[in-house]
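Peer 1: Sharing a model prediction with you, sequence too.
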Amino acid sequence: VQLQASGGGLVQPGGSLRLSCAASGSVVTINTMDWHRQAPGKQRELVALIMAGGSTTYADSVKGRFTISRDDAKNTVYLQMNNLKPEDTAVYYCSADIYSVSTGWRNYWGQGTQVTVSS
């Protein structure tokens, strides 16, 4: 099982980006899917998570600007980021709790995608 994140890039303040993270391999089912980020010199922090039933949680710093969603048919989680600010600049990582026949339940991480907000 692998997680592949994409969609990062350079955007001006106030702009938008949409991150995607797709799970591939022998995925049977996925429980919680989430996005984290790590800015230079700072600890990795949880940005948003979405549970299998669709319940969501957001960090206070992104509430009202970011939206997490998932497409279970595609084993994919998304992060729509609007009204981006320079302080959102970080490497964004996706994570998911995945059940596969070969390994049972495990937590997997994607490789990270860079988001830079700058004028």
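Peer 2: Sure thing, it's come through.

Peer 1: tell me the contacts of the residue nearest to Phe66 when sequence neighbours are not counted?
Peer 2: Nearest residue to Phe66, sequence neighbours excluded (Cβ to Cβ, 6 or more residues apart in numbering): Met81, at 5.1 Å. Every residue, glycine included, has its C-beta placed from N, CA and C. Contact partners of Met81, counting by Cβ atoms under 8 Å, 6 or more residues apart in numbering, are Ser16, Leu17, Arg18, Leu19, Val62, Arg65, Phe66, Asp88, Val115.

Peer 1: any idea how far Met81 is from Gln114?
Peer 2: 13 Å (Cβ to Cβ, to the nearest Å).

Peer 1: Secondary structure element holding the residue nearest the centre of the chain?
Peer 2: Centroid-nearest residue in the chain: Trp35, 3.0 Å away (criterion: Cα atoms, centre = their mean). Assigned by DSSP states H and E, Trp35 belongs to strand 27-38.

Peer 1: Could you list the residues in contact with that strand?
Peer 2: Residues from elsewhere that reach strand 27-38, judged by Cβ under 8 Å, 6+ apart: 1, 19, 21, 23, 44-52, 68, 70, 72, 75, 77, 79, 88, 90-101, 105, 115.

Peer 1: So for whichever strand or helix holds Val91, what gets flagged as buried?
Peer 2: Assigned by DSSP H and E, Val91 belongs to strand 90-100. Buried positions in strand 90-100, judged by neighbour count with 16 or more other Cβ atoms under 10 Å: Ala90, Val91, Tyr92, Tyr93, Cys94, Ser95, Ala96, Asp97, Ile98, Ser100.
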